[in-house]
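Undergrad: the sequence and its predicted three-dimensional model are supplied below.
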Amino acid sequence: MTETQSAKRTEHDAQEQLERTGWRKATPYVMLAAYIAGPWLLIPAFGGGDSAVVPIIVFIFGVAALTGLVDGIFYRATWSLPILAGVGFWIAKALYFNDGTLIYALGCVLAAWLGSFVGTHLRRS
């Protein structure tokens, strides 16, 4: 690769990293949709009440970590997705959970950030 081609490629990569393009724009929307629709489907599927607690907890943290990982691999590590994970859980809490579960929003933020961090490092290696 010539020096000119390398410089153009670096410039293109830098521009691509500045904004979400293509399907990468969908990652935050998919995460929010999962937080809104997931508990609506899972709570009745596991019979509601105490039998749905563990699957819901695994789901909410799994969604945060998985979308963070995808975002880190295919975009970059930012704080926007982890904060949005907290907002997404807050919306789910308002729809499905009691007020005592708000502390899980911090766990969602942390799980999304860790996923994003790991994803960024996987992309670099």
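TA: Cool, got the structure.
Undergrad: C-alpha from now on. contacts and neighbour counts both.
TA: Noted.
Undergrad: for this protein, which spans come out with low pLDDT?
TA: 1-18, 20 (pLDDT under 70).
Undergrad: could you rerun that using 50?
TA: Low-confidence segments of the chain, defined by pLDDT under 50: none present.
Undergrad: just give me the residue right at the centre of it.
TA: Thr67 (3.1 Å; C-alpha atoms, centre = their mean).
Undergrad: tell me which residues touch that one, please.
TA: Thr27, Pro28, Met31, Ala112, Gly115, Ser116 (C-alpha atoms under 8 Å, 6 or more residues apart in numbering).
Undergrad: need the residues you listed in JSON lines (columns: distance to Asn98 and secondary structure).
TA: Below are the contacts of Thr67 laid out as JSON lines (distance: C-alpha to C-alpha, whole Å; DSSP: H, G, I helix; E, B strand; the rest coil):
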{"residue": "Thr27", "distance to Asn98": "27", "secondary structure": "helix"}
{"residue": "Pro28", "distance to Asn98": "24", "secondary structure": "helix"}
{"residue": "Met31", "distance to Asn98": "21", "secondary structure": "helix"}
{"residue": "Ala112", "distance to Asn98": "22", "secondary structure": "helix"}
{"residue": "Gly115", "distance to Asn98": "27", "secondary structure": "helix"}
{"residue": "Ser116", "distance to Asn98": "28", "secondary structure": "helix"}
